[in-house]
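**Student:** Got a predicted model here, sequence first, then my questions.
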Amino acid sequence: MTEPATTTFAKRKVPLLFLTVLVIATAGLVYELIAGTLASYVLGDSVFQFSTIIGVYLSAMGLGAYLSRFIVEKVVIRFVEIELAAALIGGFSAPFLFYVFAYADAFRVLLYGTVVVIGALVGIELPLLMRILENELDFKELVAKVLTFDYLGALLGSLLFAIVLMPTLGLVRTSLLFGMLNGAVALMTTWVLGDLIYRPIRWRLRAKGVLLLVALAVAFVGSDRLTRFAERELYDDRVIFAEQSRYQRVVLTHGALGVQLFLNGNLQFASHDEYRYHEALVHPAFALAPHARRALVLGGGDGLAVREILRYPDVETVTLVDLDPAMTDMARRVSVMRELNEESLDDPRVTVINDDAMVWLDENGDSVEAYDVVIIDFPDPNNFSLGKLYTSRFYGLLQRVMHPGTAVIVQATSPLYARRSFWCVERTMAAAGLHTAAFHTLVPSFGEWGYVLAMTRPFDPPREVPDVEGLRFLNDEAMQAMFVFGRDMQRPDDVETNRLDTQALVQYYDQEWSRLER
């Protein structure tokens, strides 16, 4: 069967087709961002993942544009079919990739395969649409308007994804929503260009579109169940809490060894041994500042470091600066977390501020009274947005809230598994003008873990544990042993300083931890 001979369609339909361009461009970019974000969640190294995803997607669009030249008949029908295919593959891309990661070994192959297919479909769509419009507009006007709407769609997609979609819908529902938008565009096209499609084929396309929209809508309604099912396969233990914030995926699990917290799939603590980590993170600083009144915690939104600080009766105020309100809200309202942190964030001495720590220091460093103890408990520097919090610039800003007697401790990843990363943190702090003492302890969930103690003046590492109640790990002998390093953990000679423009630490971290995962 052939399309009925028709030379033009009503001018009033042209704006609807430009709206189609806008939706296609917006959806295409959103699918690209979903793939990059999901890859960075499960594989780490967000810069590498986004760089490769973007490169592969744009190349696939070029491939699609090239392939469009082979579509010479039934252009309108092929356009609708390709739009339906984009709705199907793009819409189900996030749930598909979550399941693939849980069940399949070839995740990277399927990830990039999905990106190539979506990119190629989007690359085919625009040339076909331009050919449909070529008899209605002057060529210069056609190209100008199509590209204008294409670029506007890309801008709209990027803004919506970062500001609205990720914080409110998450990855799975976002991909399903845009699949429905693609499907709606396909259905709309069967009416806008209906006179160019033979009637039986037109109704067949509409039936496919309706069925696809129903499937996507059902998946959207049940997306929380889909996500929970996938996460049950991603984590060894039962998931008891999961929330997608604007910044990260927050998951709590519970199993034989207690409660575990994961951020973007990365373990942050396990309740059966977190006390070792947090006692080492906090109490050596108080050994140097035993009568501290004012404490600052950067990161540590789970409230566990604050719990240790509140053991000191002289502490009058604790300021906690954590980027993600979802973390601090979880620490306050989830019963297992309230039990673990001993309701520390509800203590009247504690003030919680949800802000970027570097921005907060820059804006408030000269206006706040200096703190006596500063505890820095950021996630490991596995991407540049976290790596900036370990730079010489950051430690320079930090000194604006310190006085000569202020004691600082920074968690600094493993000196055994990520030796260069660990000593890069210490070297960077020293390069920023701080006097440092590196130390480490065994945390079974993580292995050998490292920290850096620092002040603005020279000091001797503490040898005695402060006299406070509730400690389960530290004693004087353990405190002294933490500052002793074996040969396999000593400082390498050629470690660079982590600067804001180079971020050597992120590169060290990726190299060292990737090697262990092979």
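**Tutor:** Sure thing, it's come through.
**Student:** what's the longest helix in the chain?
**Tutor:** Scanning the chain for the longest helix, with DSSP state H as the assignment, gives helix 14-43.
**Student:** So for it, what gets flagged as buried?
**Tutor:** 14, 17-18, 20-43 (16 or more other CB atoms under 10 Å). Using the backbone N, CA and C atoms, a C-beta is placed for each residue, glycine as well.
**Student:** Next up, the contacts around residue 124.
**Tutor:** Contact analysis of residue 124 by CB atoms under 8 Å, 6 or more residues apart in numbering lists 64-65, 67-68, 71, 82.
**Student:** Between the residues you listed, which sits nearest residue 369?
**Tutor:** Of all these, residue 369 sits closest to residue 64, with 59.7 Å by CB to CB.
**Student:** and whichever strand or helix holds the closest one, which residues are buried?
**Tutor:** Following DSSP states H and E, one finds residue 64 within helix 46-67. The neighbour-count check on helix 46-67 (16+ other CB under 10 Å) flags 46-47, 49-50, 52-54, 56-57, 60-61, 64-65 as buried.
**Student:** Is it possible to get the residues you listed out as CSV so that each row also shows distance to residue 94 and pLDDT?
**Tutor:** Listed next are the buried residues of helix 46-67 as CSV, based on distance: CB to CB, whole Å; pLDDT from 0 to 100:
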residue, distance to residue 94, pLDDT
46, 17, 66
47, 21, 69
49, 15, 80
50, 16, 83
52, 18, 89
53, 13, 91
54, 17, 91
56, 17, 94
57, 15, 92
60, 18, 95
61, 20, 93
64, 21, 94
65, 25, 93
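**Student:** Tell me the one of those residues nearest residue 353?
**Tutor:** After measuring the buried residues of helix 46-67 against residue 353 - CB to CB - the closest member comes out as residue 46, at 24.9 Å.
**Student:** Report the next helix or strand after the helix or strand of the chain with the lowest mean pLDDT in sequence order.
**Tutor:** Sorting the helices and strands of the chain by mean pLDDT, DSSP states H and E puts helix 223-234 at the bottom, at a mean of 72. Proceeding N to C from helix 223-234, the next assigned helix or strand is strand 238-244, under DSSP H and E.
**Student:** Please work out the average pLDDT along that following strand.
**Tutor:** Mean pLDDT, strand 238-244: 86.
**Student:** right, and the helix or strand after it?
**Tutor:** Using DSSP H and E, the helix or strand that follows strand 238-244 towards the C-terminus is strand 249-255.
**Student:** Given whichever helix or strand comes after that next one, what are its sheet partners and their directions?
**Tutor:** The first helix or strand that comes after strand 249-255 along the chain, using DSSP H and E, is strand 258-263. Strands that pair with strand 258-263, judged by DSSP bridges, come out as strand 249-255 (antiparallel), strand 266-270 (antiparallel).
**Student:** gap between the last one and the chain center?
**Tutor:** The chain centroid and the centroid of strand 266-270 are separated by 15 Å under CA atoms, centre = their mean, to the nearest Å.
**Student:** Would you mind getting the angle between that strand and helix 14-43?
**Tutor:** The directions of strand 266-270 and helix 14-43 differ by 50 degrees, with axes from the mean of the first three to the mean of the last three CA atoms, to 10 degrees as the criterion.
**Student:** Give me the contact list for strand 266-270.
**Tutor:** By CB under 8 Å, 6+ apart, the residues outside strand 266-270 that reach it are 44, 257-262, 277-278, 302, 304, 379-380, 382, 445-446.
**Student:** From the residues you listed, pick the one nearest residue 221.
**Tutor:** For residue 221, the closest of the contacts of strand 266-270 turns out to be residue 262, at 26.0 Å, with distances computed as CB to CB.
**Student:** these two touch, right, that closest one and residue 237?
**Tutor:** No - at 10.2 Å, residue 262 and residue 237 do not qualify as touching, with contact defined as CB atoms under 8 Å.
**Student:** So which of those two has more stuff around it?
**Tutor:** Relative neighbour count places residue 262 above the other of residue 262 and residue 237, with 20 against 16, counting by other CB atoms under 10 Å.
**Student:** Now do the shared contacts for residue 262 and residue 237.
**Tutor:** Each of residue 253 lies in contact with both residue 262 and residue 237 under the rule CB under 8 Å, 6+ apart.
**Student:** Now do the contacts for residue 389.
**Tutor:** Contacts of residue 389 were listed using CB under 8 Å, 6+ apart, and they are 298-299, 357-358, 376, 378, 381.
**Student:** quick revisit: pull the helix holding residue 64 out as PDB, backbone CA atoms only.
**Tutor:** The C-alpha coordinates for helix 46-67 follow below in PDB (Å, rounded to 0.1, in the frame of the first residue of the first chain):
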ATOM      1  CA  SER A  46      30.900  10.600  37.000                       C
ATOM      2  CA  VAL A  47      33.200  12.700  34.700                       C
ATOM      3  CA  PHE A  48      34.300   9.600  32.700                       C
ATOM      4  CA  GLN A  49      30.700   8.300  32.500                       C
ATOM      5  CA  PHE A  50      29.100  11.500  31.400                       C
ATOM      6  CA  SER A  51      32.000  12.200  28.900                       C
ATOM      7  CA  THR A  52      31.600   8.900  27.300                       C
ATOM      8  CA  ILE A  53      27.800   8.800  27.300                       C
ATOM      9  CA  ILE A  54      27.600  12.200  25.700                       C
ATOM     10  CA  GLY A  55      30.200  11.300  23.100                       C
ATOM     11  CA  VAL A  56      28.500   8.000  22.200                       C
ATOM     12  CA  TYR A  57      25.100   9.700  22.100                       C
ATOM     13  CA  LEU A  58      26.100  12.500  19.800                       C
ATOM     14  CA  SER A  59      28.000  10.100  17.500                       C
ATOM     15  CA  ALA A  60      24.900   7.900  17.400                       C
ATOM     16  CA  MET A  61      22.800  10.900  16.400                       C
ATOM     17  CA  GLY A  62      25.200  11.400  13.600                       C
ATOM     18  CA  LEU A  63      24.800   7.800  12.600                       C
ATOM     19  CA  GLY A  64      21.000   8.100  12.700                       C
ATOM     20  CA  ALA A  65      21.200  11.300  10.500                       C
ATOM     21  CA  TYR A  66      23.200   9.300   8.000                       C
ATOM     22  CA  LEU A  67      20.800   6.300   8.000                       C
END
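**Student:** Skipping adjacent residues, who's closest to residue 179 in space?
**Tutor:** On the basis of CB to CB, 6 or more residues apart in numbering, the spatially nearest residue to residue 179 that is not a chain neighbour turns out to be residue 91, at 1.5 Å.
**Student:** so how far is residue 118 from that neighbour?
**Tutor:** Residue 91 sits at a distance of 10 Å from residue 118 (criterion: CB to CB, to the nearest Å).
**Student:** Perfect, I'm done here.
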